[in-house]
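> Attaching a predicted model along with its sequence, questions to come.
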Amino acid sequence: MVTSTVAKTMGQKQYWNIVKGLGIAAIVIGHTGGPITAYLYMYHVALYFFDAGYFYNEKYSAAPFDYFAARLRSL
């Protein structure tokens, strides 16, 4: 059985994953051009920067190349 704290945390993670996905989709659609592009330009980059800044962790700034190398190895 999942405790309420764990369930709440999982729900919050899923919420932010959905926000990230919508932001990525908005950027891709915005760069393809079309009738919805003008609307997407109102928020898509701001959403991306907010999301990236919200999840930024200071420990990665000390050795960014080590971080990227570890991420590439995990693929």
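Received it, and whenever you're ready, just let me know what you need.
> from here on, contacts and neighbour counts on C-alpha atoms
Noted.
> What is the burial count for Leu47?
Using other C-alpha atoms under 10 Å, Leu47 is surrounded by 18 other residues.
> and it, what element?
If you go by DSSP states H and E, Leu47 is part of helix 44-54.
> which strands and helices sit next to that helix?
Using 3 or more C-alpha pairs under 8 Å, 6 or more residues apart in numbering; DSSP states H and E as the contact criterion, the secondary-structure elements in contact with helix 44-54 are helix 4-32.
> Show me what counts as buried in the helix holding Leu47.
Within helix 44-54, the residues that qualify as buried are His44, Val45, Leu47, Tyr48, Asp51, counting by 16 or more other C-alpha atoms under 10 Å.
> For the chain, give me the ranges with low pLDDT.
Scanning the chain for pLDDT under 70 picks out 1-12.
> For the residue most central in space within it, which non-adjacent residue is closest in space?
Residue closest to the average C-alpha location in the chain (C-alpha atoms, centre = their mean): Lys20, at 3.6 Å. Using C-alpha to C-alpha, 6 or more residues apart in numbering and skipping residues adjacent in sequence, the residue nearest Lys20 is Asp51, 6.8 Å away.
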